[in-house]
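> A structural model of the following input is requested.
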Amino acid sequence: VPAALLGSALLRRPAALGAAAARCAPARDSHGPPRQGHGGSKAASLHWTGERAVSVLLLGLLPAAYLCPGPAVDYSLAAALTLHGHWGLGQVITDYVHGDVPIKVANTGLYILSALTFAGLCHFNYHDVGICKAVAMLWSL
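As a prediction, this is how the structure comes out:
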């Protein structure tokens with residue numbers, strides 16, 4: 001619906017919403033480094049760079065898993081996939097969990113989940129066929 005048909009009165013923010021928005025902290029852009037004070041900007045920038053490095057590493061590990069499967073690629077995939085998933089779910093917690101106690105509980109659960117995921121993938125790599133061979137077996141079905 002064009003804005004001209006709605007009228008300017010409908011497009012204005014109600015006073016109650018404007019006051020509530022002013023009390024809230026500004027939203028953080030989730031697609032870039034977080035905008036923080038001077039103290040954490042270096043760490044946030046390094047974290048953002050690390051996320052991109054792991055994503056690029058995963059892009060290289062996927063063809064490597066197909067072309068030259070082996071224990072080195074299996075354990076590299078276990079670490080990179082766990083770290084990538086940990087950071088991704090951490091961003092979901094940042095975006096959707098609010099309040100001090102729920103955030104602490106969610107972050108504790110995330111660390112437990114990430115540790116169990118990594119331990120499970122390493123156990124699978126050591127005691128079974130490994131990630132590369134398992135995916136190849138799935139594709140052959």
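> In terms of helices and strands, where is the residue nearest the centre of the chain?
Nearest to the mean C-alpha position of the chain, by CA atoms, centre = their mean, lies G88 at 1.0 Å. Counting by DSSP states H and E, the secondary-structure element that holds G88 is helix 71-96.
> Repeat that for V135.
Using DSSP H and E, V135 falls in helix 131-139.
> Buried residues of that helix, list them for me.
Neighbour counts over helix 131-139 (16 or more other CB atoms under 10 Å) mark I131, C132, V135 as buried. Backbone N, C-alpha and C define where each C-beta goes, glycine included.
> go on, stretch 121-131?
For stretch 121-131, by 16+ other CB under 10 Å, it's L121, N125, G130, I131.
> Number of residues surrounding the closest residue to the third one other than its chain neighbours?
Right, G130. With CB to CB, 6 or more residues apart in numbering as the criterion, G130 has its nearest non-adjacent residue at 4.1 Å, and that residue is D74. For D74, the neighbour count with other CB atoms under 10 Å is 23.
> Was I right to think D74 contacts V135?
No - taking contacts as CB atoms under 8 Å, D74 lies outside contact range of V135: 10.2 Å.
> joint contacts of those two?
A65 (CB atoms under 8 Å, 6 or more residues apart in numbering).
> which secondary structure element contains A119?
helix 100-127.
> Now that helix: average pLDDT?
Mean pLDDT, computed over helix 100-127, is 97.
> re earlier: could you check the angle the helix holding V135 makes with helix 100-127?
Between the axes of helix 131-139 and helix 100-127, defined by axes from the mean of the first three to the mean of the last three CA atoms, to 10 degrees, the angle is 80 degrees.
> so what does helix 131-139 touch, helix or strand wise?
helix 41-67, helix 71-96, helix 100-127 (3 or more CB pairs under 8 Å, 6 or more residues apart in numbering; DSSP states H and E).
> if we compare the ones you listed, which one ends up closest to S140?
helix 41-67 (12.7 Å; CB to CB).
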